[in-house]
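J.: After the sequence you'll find the predicted model.
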Amino acid sequence: MYLRSLREGEQKGEQKGERKGEAKILNRQLQCRFGAVPDWACEKIAKAESPSLENWSLRIFDARSLDDVFLDKE
């Protein structure tokens, strides 16, 4: 039981670290592509989960504006 809880804690920590790294890279990509990243975008990135961060980081290649990166495509 203890080992399982320990492993689960490690996994959550790893996931959190990966998400933080993805967010940091996305912020840097946005800054390089569009200039200063506004607060609203930083907040959106900070609250996002990994799948959204990955999608946004791919959209940078085709986006004409910062808004295009975050458009909800359904």
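T.: Everything's here; your move.
J.: what about Lys44, which helix or strand?
T.: Using DSSP states H and E, Lys44 sits within helix 39-47.
J.: What helices and strands are in contact with that helix?
T.: helix 2-34, helix 66-70 (3 or more CB pairs under 8 Å, 6 or more residues apart in numbering; DSSP states H and E). The C-beta positions use only the backbone N, C-alpha and C, and glycine is treated the same way.
J.: The helix or strand that contains Leu53 to helix 2-34, inter-axis angle?
T.: Following DSSP H and E, one finds Leu53 within helix 50-59. Orientation of helix 50-59 against helix 2-34 (axes from the mean of the first three to the mean of the last three CA atoms, to 10 degrees) gives an angle of 20 degrees.
J.: 530 is where my numbering starts, stick with that
T.: Taking 530 as the first residue, the last one we looked at is helix 579-588.
J.: rewinding a little: tell me which of the helices and strands packed on helix 568-576 sits most buried.
T.: Sort the helices and strands packed on helix 568-576 by mean neighbour count, taking mean count of other CB atoms under 10 Å, and helix 595-599 sits at the top with a mean of 16.
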